[in-house]
Structures are given as structure tokens and as C-alpha cells.
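A.B. asks: Sharing a model that was predicted from the sequence below.
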Amino acid sequence: MAKKTNYREVLKDNNFKKLLASNLINRFGDSIDSIAFTWLVYDITKSASWAAIIFGMNVLPNIFLQPFLGAFVEKLDKKRVVVATHILRTLIISLFVVMYLSGLLTPAIMVAFTLIITSVESFNLPASSAFVQSILKKEHVTHAMSLSQSLSSAMSLLGTAFAGVIIAKLGVQSAMFIDAGTFLIAGILTFTIRQERKKPELAVINETDKKESYIDLLKGGFKYIINNKIFVNYLIVAVIVNFLAVPLNALQAPIAEDLYKLGSELLSVMGIGASIGAILGSIILPKVMEKLSAKAILVVNGAIVGVGMFILSLGGLLNGAKIPGFLLAGFCFLLMMTAISLLNGSLNVQFMKMTDPDYMARASSVFGASCTAAMPVASFIVSAVALKLSTALLVGACGLLSVLVFLIVAASKMQFEDKALEIKGEELDAA
């Protein structure tokens, strides 16, 4: 009989503890940097259109490079790739700060740095997915990912809470140097992780890969995703929803400044609300996955995100009132991020369990790139539409359309989990 997995059991794994520490340190730096960079973009450009363009550029490399890099990374040592990309991002962000201090930053240069950093991330993501899968035991996946997400969100909350103080007292450059430092520390921690449990398996996989050409690996990644009906269903929904979510992601600074008239302080409030929601969603994920089907989780939480976007768009009715504005925006982001955390958590667990380790790097890169394929297009559309329509109208309309999309999904016959595979997995764990 299989031993029941819990958080205590997962934390006995030393490799997972190192991986968790690396993620937590990274999240702290990123949460500070996200507020600093978001505000810096809007401060330099003074334009919602530029904010949308830079957001679109931020995801562009992941779409066009990640599928090809995933196949390339499949032949490499995943741990070394993760370490190398962490160190490289440390150097790039440090150079960005130096240019900022030298007064050399322009919107065009910010776009260039965004493309470079995300291109490095396109190497990191497929390698990281495969590396994490090689570290975790299958029976630990749900609890390990839930714990990682909840603690990472808690660290993000801490970073967001400190971001305003750090930026106000030490400047934007200090916030970005902190982010650069966290990448370096994460790289060092990852370097110390050992892979004794998976090493023999990886050796066999690497020998097999050496006999395959790069083109064969690339085609294999695309075919693996296309031939899985469940993955395709997730992709269809993800592309539509990510398209509609662009105004929410790209226009946070205009939402704070133009819609709520509360400035950069509201960005911290929204970040805190989002972090609390992410923690809550991650904590309850295992229980929710026990009670609800994957489709129910998708539909209910997807609709909640749409409702949250619509309510958020009503902030202009408060006429710049500080406390009501903080409460409304904070609540909306808490609500939306709880739902998004459950959505992403459910999808990540499903993907980790359903994907063959031999295909993990390339399949995850193809899947990830495909999910975000519509985001750059939507960003450029938003940048043009933002010149004519208000931020409130864009966010509210996309929220209502999101609700409609998930109502259609609920009425459809689309499947989002493989029951036969779940039963087989439980039998293997019991054995």
C-alpha cells in the first residue's frame, strides 16, 4: 500500500529543499524588480501604448525561440543550462542598471533589454521544467508544486511589501541590483543540487538523443503536443484567455495612474493582493484537485478572473479616493490571483504527470510558447486601441469576454484530464 504523501514527506527531500530555496530567493528579487520595472517603463515613456508594446516584446522571444531552444536543450545537461542562464541574467540586469544610472535608457533600449532577458529565459524555462521533473518523485508532484507555489507567493508578497520602501529610500537601481543578486544566489544553490536518483535514467536518455538530429527532436516536440487531445484543448483555451488578459497585464501602471489616480502606491497594493491570492490558491490546490475535475477547475476559476477584471475596471467611479481604491483594486487582484493560481497549478500538475521525461524539455517549450502565442499580437492591438479607448473600457470589456469564453467551454465536450492515466499513476505509486 502506498504511503500517503504530505508536505512533511516532501520536505525530507534535500534536493527539493535546495530547489525550493532557490525559487524563493528568486521570487523575492523578481517581486521587487517587477514593480520597479513597471513603473520605470511608464515613468520614462509616459505612454500606455509603450507599456503595452514593451509587455508584448517581453513574451515575444518565448513564442518564437522557446520551441526551437527546447529541442536544443533536450541534448544538454539541464542543470548546467539552469545555472548558466541564472548567471547570465545577473550580468544582463546589472548592465541595465549601469545604463540607467548613466542616463542612457530610452524606450527603444528598454525594448532591446526586454528581448535579451526574455531570450535567455527561453533557454531557462524548458531546461528548468525537465530539471524539476528529474528531481521530484512522481507521488510528490502535487504537494511539492503546491508548497513551492504557496511559499514563492509568500516571498513575492514580502518583496512587494518592501518594494515601495526600497525604491523610495534606495532608488530603482537598488531594487534591480537586488534582483540581479537573487539570480546569482539561485544559480549557486542550483549548482549544489545532486541528481543521484535520476542520473542513470538521464544517461540513457542522453545516449538516445545523441542519435537523433536536432530537426527530429524539434519535430518530436511539436508532434507530442499535437497528438495529445488534452494538451490541444488546454492550448485553445490558453491562447484565447491570454489574448484577453493582455490589458490587465500590460496596463497596470495606467490602471494605477489614470484609472484610479493613485500612482505607484497602488501597484504595491495590487501586488500584495495578487501575492495573497497566489498563496491562498496554492495552499488549497491539493484539496481542490481532489474534489473537482480539471474542467470544473478551469471553468469556475476562469470565469472568476473575468469577473475580477470587470470589477477592477470600475475603479474610476471612486474619483481617486485612496482607501476605497486600495481596497477595491487589492480585492480584485486577490480574487483573480487565487483563481489563476488554481488554474496554473492544476495545469502544471497535469502536464508534469502526463509528459514523458524523454520529451519534457521540448514538449514544455512548445506548449509554453503556444499558450502565449496571442499575447504579442494582443499587445500591439492594445497599444493602438489605447490611443482611442480608455483603460477602463479595455479591461472591463476583456473581462466580460473572458466570462463568455468559459461559459462556452463549460457547455462544450472538451476534455482536460486523462482518467485512465490517473488510475494508472495511482497503481504505479501503490506498487
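C.D. replies: Cool, got the structure.
A.B. asks: so where's the stretch 101-250 of the chain uncertain?
C.D. replies: Scanning the stretch 101-250 of the chain for pLDDT under 70 picks out the ranges 138, 164, 195-214, 218.
A.B. asks: change it to 50
C.D. replies: Within the stretch 101-250 of the chain, the set of residues satisfying pLDDT under 50 comprises 197-210.
A.B. asks: just the helices in it please.
C.D. replies: 107-135, 141-170, 172-191, 199-210, 214-226, 229-250 (DSSP state H, counting those that start in this stretch).
A.B. asks: CA-only coordinates of stretch 185-198 in CSV, if you can.
C.D. replies: Output of stretch 185-198 as CSV, limited to C-alpha atoms (Å, rounded to 0.1, in the frame of the first residue of the first chain):
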residue,chain,number,x,y,z
ILE,A,185,22.3,33.1,-5.4
ALA,A,186,19.7,30.9,-7.2
GLY,A,187,22.4,29.8,-9.7
ILE,A,188,24.8,28.8,-6.8
LEU,A,189,22.0,26.9,-5.0
THR,A,190,21.0,25.0,-8.1
PHE,A,191,24.6,24.1,-8.7
THR,A,192,24.7,22.3,-5.4
ILE,A,193,21.7,20.0,-6.2
ARG,A,194,22.6,16.4,-6.9
GLN,A,195,20.6,14.1,-9.2
GLU,A,196,21.6,10.7,-7.9
ARG,A,197,18.0,9.3,-8.2
LYS,A,198,17.6,10.2,-11.9
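A.B. asks: list the contacts for residue 87?
C.D. replies: When the contact criterion is C-beta atoms under 8 Å, 6 or more residues apart in numbering, the partners of residue 87 are 183-184, 187. In short, each C-beta sits where N, CA and C put it, glycine included.
A.B. asks: still on that earlier bit, as CSV, the helices of the stretch 101-250 of the chain with distance to residue 358 and mean neighbour count would be great.
C.D. replies: Shown next, in CSV, are those (distance: least, C-beta to C-beta, whole Å; neighbours: other C-beta atoms under 10 Å):
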stretch, distance to residue 358, mean neighbour count
helix 107-135, 10, 20
helix 141-170, 17, 20
helix 172-191, 22, 20
helix 199-210, 6, 12
helix 214-226, 9, 17
helix 229-250, 16, 20
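A.B. asks: which stretch among these comes nearest residue 263?
C.D. replies: helix 141-170 (10.6 Å; C-beta to C-beta).
A.B. asks: Roughly how far does residue 26 sit from residue 86?
C.D. replies: To residue 86, residue 26 is 8 Å away according to C-beta to C-beta, to the nearest Å.
A.B. asks: what does residue 275 give?
C.D. replies: Distance from residue 275 to residue 86, by C-beta to C-beta: 22 Å.
A.B. asks: do the same with residue 360
C.D. replies: Plainly put, residue 360 is 19 Å away from residue 86 if you go by C-beta to C-beta.
A.B. asks: Then residue 348?
C.D. replies: Counting by C-beta to C-beta - residue 348 and residue 86 are separated by 21 Å.
A.B. asks: SS state for the residue nearest the centre of the chain?
C.D. replies: Note on the chain: the residue nearest the mean C-alpha position is residue 344, at 8.3 Å, using C-alpha atoms, centre = their mean. State at residue 344, reduced to three classes by DSSP: H, G, I helix; E, B strand; the rest coil: helix.
A.B. asks: Contacts only, for the spatially closest residue to it that is not a sequence neighbour.
C.D. replies: If the residues on either side of it in the chain are set aside, residue 344 comes closest to residue 149, at 7.9 Å by C-beta to C-beta, 6 or more residues apart in numbering. Shown in contact with residue 149 (C-beta under 8 Å, 6+ apart): 278, 281-282, 285, 341, 344-345.
A.B. asks: Now the two most distant members of the residues you listed.
C.D. replies: Within the contacts of residue 149, 278 and 285 form the most distant pair, 10.6 Å apart (C-beta to C-beta).
A.B. asks: Find residues that contact each of these two.
C.D. replies: 149, 341.
A.B. asks: Settle it for me: which of these two has more neighbours?
C.D. replies: Neighbours per residue (other C-beta atoms under 10 Å) separate residue 278 from residue 285, with residue 278 holding more: 28 against 25.
A.B. asks: how far away is residue 220 from residue 348?
C.D. replies: According to C-beta to C-beta, residue 220 and residue 348 sit 22 Å apart.
A.B. asks: contacting residues for the closest residue to residue 244 other than its chain neighbours?
C.D. replies: Once flanking residues are discounted, residue 244 sits nearest to residue 398: 4.4 Å by C-beta to C-beta, 6+ apart. Shown in contact with residue 398 (C-beta under 8 Å, 6+ apart): 244-248, 309.
A.B. asks: and residue 398, what helix or strand is that in?
C.D. replies: Element membership for residue 398 (DSSP states H and E) is helix 391-411.
A.B. asks: re the thing from before, which of the contacts of residue 398 sit farthest apart?
C.D. replies: Spatial extent of the contacts of residue 398 (C-beta to C-beta) is set by the pair 246 and 309 at 11.1 Å.
A.B. asks: and stretch 295-315, which residues are buried?
C.D. replies: Judged by neighbour count using 16 or more other C-beta atoms under 10 Å, the buried positions of stretch 295-315 are 295, 297-313, 315.
A.B. asks: Surely residue 357 touches residue 132?
C.D. replies: No - using C-beta atoms under 8 Å, residue 357 makes no contact with residue 132, being 11.2 Å away.
A.B. asks: Residue 115 versus residue 37, what's the distance?
C.D. replies: Distance of residue 37 to residue 115, given as C-beta to C-beta: 14 Å.
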